[in-house]
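**Q** please find the sequence and the predicted model below.
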Amino acid sequence: MIANTVNYPVHPLISERWSPRAMSGESISHDQLMTIFKAGSLAPSSFNNQPWTFIYANRETPDWEIFFNLLVPFNQEWTKNAAVLVVVVSKNNFYSTGKPSRTHSFDTGAAWENMALQASADNLVAHGMEGFDYDATCTLLSIPDDHTAEMMFALGKPANDLSVLSTELQEKEKRSDRVPLEQVVCKGKFKLLR
């Protein structure tokens with residue numbers, strides 16, 4: 001049993017990362033954006049396959065409207081102040097052999113985590129989303145059938161004032177509690193812990 005009262009020292013970059021929604025609407029530089037993508041590209045992957053592709057649209061460009069319209073209305077409500085919208089895609093098969101990769105989604109998730117951590121280190125907001133039209137995304141962004149649209153994320157500078165969000169979203173704009181460690185760790189065999 002893992003004692004919930006024990007403090008395990010996790011690096012602050014990890015323990016302090018969170019996903020706010022309040023963004024200022026300011027643009028970010030090309031170098032800032034490429035730094036985020038570079039962090040993602042350095043993630044570990046099975047056989048170093050690196051199955052990820054990051055497709056993006058900057059605010060106030062023609063592509064922005066396409067990406068924005070893929071989102072469900074709830075996500076449109078707050079992403080309107082993002083600087084960039086990104087679709088994260090994985091290739092289902094290994095590049096080297098063409099055989100199916102069981103970990104393409106898992107590996108691409110590691111790339112997303114790297115990007116989220118880099119954004120946090122750079123004092124930027126990175127908020128991941130599943131609330132978008134996956135089929136339309138694949139069609140409109142020409143994603144091949146042997147690839148998977150995994151998620152979208154909004155990237156931007158943090159807002160100084162929560163008034164950029166609706167009252168409902170302002171109430172949600174706080175760090176959420178994490179599941180206690182003893183509810184996610186099993187020794188030996190799987191146990192349903194929550």
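**A** Thanks, I have it. Numbering: from 1, shown residues only.

**Q** show me where this structure has helices.
**A** Secondary structure of the chain (DSSP state H): helices at 12-15, 30-41, 62-70, 73-79, 104-121, 134-140, 167-172.

**Q** what is the shortest one packed up against?
**A** If you count contacts as 3 or more Cβ pairs under 8 Å, 6 or more residues apart in numbering; DSSP states H and E, helix 12-15 packs onto helix 104-121. C-beta coordinates here come from the backbone N, C-alpha and C atoms, glycine included.

**Q** the helix it packs on packs against which elements?
**A** Under the contact rule (3+ Cβ pairs under 8 Å, 6+ apart), helix 104-121 is packed against helix 12-15, helix 30-41, strand 52-58, strand 84-91, strand 125-129, strand 147-156.

**Q** quick one, which of those is nearest to residue 184?
**A** helix 12-15 (14.8 Å; Cβ to Cβ).

**Q** restrict that closest one to CA atoms and write it as CSV.
**A** Output of helix 12-15 as CSV, limited to C-alpha atoms (Å, rounded to 0.1, in the frame of the first residue of the first chain):
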residue,chain,number,x,y,z
PRO,A,12,8.2,21.2,-10.2
LEU,A,13,8.0,21.4,-14.0
ILE,A,14,5.7,18.3,-13.7
SER,A,15,3.9,19.0,-10.4
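
**Q** give me the residues contacting it.
**A** Residues outside helix 12-15 that contact it (Cβ atoms under 8 Å, 6 or more residues apart in numbering): 117, 120, 121.

**Q** what's the closest of these to residue 162?
**A** Nearest to residue 162 among the contacts of helix 12-15, with distances taken as Cβ to Cβ, is residue 120, at 18.6 Å.

**Q** out of the helices of the chain, deepest packed?
**A** By mean neighbour count, with neighbours taken as mean count of other Cβ atoms under 10 Å, helix 104-121 ranks first of the helices of the chain at a mean of 20.
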